[in-house]
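Enquirer: This is a predicted model, with the sequence first.
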Amino acid sequence: MAGNFMRLLKKRDAGKAARVRFLCSADGVGGVSIGVLSKGNAPYQRILDDLTAGRELANKGGKSFSMPCFLWTQGETDQQDKKTREWYKEKMRALIQDIDADAKAVTGQKNDVLCFGYQVSSHLNYFAQNPTDYPVIAVAQLDLALEKDSRYIMATPMYHFTYSDGVHLTAPMSRLYEEYAGYVMYKVMVEVVEWKPIHPVAHAIGRKGKDWTVDVKFFAPVPPLALDTRTILDPGNYGFSLVNSREEPLEIKSVSLNGSNVVRIVTSSDPFGSRLRYGMTLKEKLPSGLRTGARGCLRDSQGEKVKTRIQDVVYRMDNWCPFFDYPLESRGRMNKTDSR
């Protein structure tokens, strides 16, 4: 992450890049709940210990020192442990606020600490412990990424990477994920972009003969949108599904693009009051990844210009749509429900 950030900064301002140094620290613990990583526990204390040591090193070198951000790669255990959407959001908000306050106390910095994270995509791997297709923690992370002033910045969902075991990425994919995180970090901290992932912002319900249509307008960082079945094996309807108020599935007859940032869903039932979901369609409990597990095919076109090379392989860095659960509460026109 730091490496990609510095490469991008050097292209923009070589003089500034020559003056900036990152002191990176890995303070996490594998396979634990957010509660174990929160204030009052050993992993959290290591953050403060490392900040104190970093400040002392900077002082000796005559340099300024602050904590601009931390990288958050967690959520699988809380899905396994059946934690609720609101519980996770409350814990995440508290963690970000605690780290921000404690970092400022240690370093004297004025800048807020940002959290760069991902969206968990491996919930089906925990079906034995938590028998549901619904990715509670993933949806909570999207809520946080769209929440005003939450400082949780979603670099990418994780289903478009290759996994070694359905939960952990292969080594090249770990590198690719960090390239994403470094790119978004640069966009936010240097270009001051208010970064948001792809997500629905408005919709309209209409009739087409005997069928119903749902046009869903999306925010896309780099339009146009694409339904990419070369990269992602289509799980059916490109990852989209409809359920009514009783959680019963509604038939989707087709999914298509209707312009640069609108997806059209055609269904045989009146979808008013139902919920449009993405990434929640598989009945099989399969490992995560491009061709198995929970996934979808919707992405933007960032990869036309933003690419990276890892072990002599060039990867596009498109933004992929996170898993979402979106209510269809208006009927006849493209009502703007949120400008996020």
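Expert: That came through fine.
Enquirer: counting contacts, what elements does the one helix or strand V201 maps to pack onto?
Expert: V201 belongs to strand 199-208 when assigned by DSSP states H and E. Packing contacts for strand 199-208, counted by 3 or more CB pairs under 8 Å, 6 or more residues apart in numbering; DSSP states H and E, involve strand 211-219, strand 324-327, strand 335-336. C-beta coordinates here come from the backbone N, C-alpha and C atoms, glycine included.
Enquirer: can I get those strands in CSV with distance to G117?
Expert: Listed next are the helices and strands packed on strand 199-208 as CSV, based on distance: least, CB to CB, whole Å:
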stretch, distance to G117
strand 211-219, 18
strand 324-327, 16
strand 335-336, 27
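Enquirer: lowest-confidence stretch among those?
Expert: Here those differ in mean pLDDT, and the lowest is strand 335-336 at a mean of 50.
Enquirer: what's the average pLDDT for the strand holding V201?
Expert: Averaging pLDDT along strand 199-208 gives 95.
Enquirer: residues of that strand that come out buried?
Expert: For strand 199-208, a neighbour-count test (16 or more other CB atoms under 10 Å) marks 199-205 as buried.
Enquirer: With stretch 63-75 instead?
Expert: Neighbour-count burial for stretch 63-75 [16+ other CB under 10 Å]: 65-75.
Enquirer: Pull the contacting residues for G236.
Expert: By CB atoms under 8 Å, 6 or more residues apart in numbering, the residues touching G236 are T281.
Enquirer: what do you get for D270?
Expert: Contacts of D270 by CB under 8 Å, 6+ apart are 205, 212.
Enquirer: please renumber so the chain begins at 40
Expert: OK, 40 is where the count begins now, so the last one is D309.
Enquirer: do you know how far it is from S299?
Expert: 28 Å (CB to CB, to the nearest Å).
Enquirer: swap in Y317?
Expert: Separation of Y317 from S299 (CB to CB): 18 Å.
Enquirer: Quick one: mean pLDDT for stretch 123-138?
Expert: 98.
Enquirer: cool, stretch 214-234 as well?
Expert: Average pLDDT, stretch 214-234: 97.
Enquirer: CA atoms only for it - export them in CSV, please.
Expert: The C-alpha trace of stretch 214-234 is given here as CSV (Å, rounded to 0.1, in the frame of the first residue of the first chain):
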residue,chain,number,x,y,z
ARG,A,214,-0.1,-7.6,-3.5
LEU,A,215,-2.9,-6.6,-5.9
TYR,A,216,-5.2,-5.8,-3.0
GLU,A,217,-2.6,-3.6,-1.5
GLU,A,218,-2.1,-1.9,-4.8
TYR,A,219,-5.8,-1.0,-4.7
ALA,A,220,-5.5,0.3,-1.1
GLY,A,221,-2.5,2.4,-2.0
TYR,A,222,-4.3,3.8,-5.0
VAL,A,223,-7.4,4.8,-3.1
MET,A,224,-5.2,6.2,-0.3
TYR,A,225,-3.4,8.4,-2.8
LYS,A,226,-6.7,9.6,-4.3
VAL,A,227,-8.1,10.5,-0.9
MET,A,228,-5.0,12.0,0.8
VAL,A,229,-3.3,13.7,-2.1
GLU,A,230,-6.0,14.5,-4.6
VAL,A,231,-8.6,15.0,-1.9
VAL,A,232,-11.2,12.8,-3.6
GLU,A,233,-14.3,12.0,-1.6
TRP,A,234,-13.9,8.3,-2.4
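Enquirer: Now do it: distance to the chain's middle.
Expert: A distance of 12 Å separates the C-alpha centroid of stretch 214-234 from that of its chain, computed with CA atoms, centre = their mean, to the nearest Å.
Enquirer: Please list the outside residues in contact with it.
Expert: 40-44, 47-48, 51, 107-108, 110, 153, 155, 157, 192-195, 197, 200, 208, 260, 345, 347, 349, 354, 356.
Enquirer: Mark which of the residues you listed are buried, thanks.
Expert: 40-41, 43-44, 47-48, 107-108, 110, 153, 155, 157, 192-195, 197, 200, 208, 260, 345, 347, 354, 356.
Enquirer: rewinding a little: alpha carbons of the strand holding V240, as PDB, please.
Expert: Coordinates of each C-alpha in strand 238-247 appear next as PDB, following Å, rounded to 0.1, in the frame of the first residue of the first chain:
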ATOM      1  CA  HIS A 238     -23.500   1.800  -5.200                       C
ATOM      2  CA  PRO A 239     -27.100   2.400  -6.100                       C
ATOM      3  CA  VAL A 240     -28.300   6.000  -5.700                       C
ATOM      4  CA  ALA A 241     -31.700   6.100  -7.400                       C
ATOM      5  CA  HIS A 242     -34.300   3.800  -9.100                       C
ATOM      6  CA  ALA A 243     -37.500   3.800 -11.000                       C
ATOM      7  CA  ILE A 244     -40.100   1.000 -11.500                       C
ATOM      8  CA  GLY A 245     -42.100   0.800 -14.700                       C
ATOM      9  CA  ARG A 246     -44.100  -1.600 -16.900                       C
ATOM     10  CA  LYS A 247     -43.000  -3.200 -20.100                       C
END
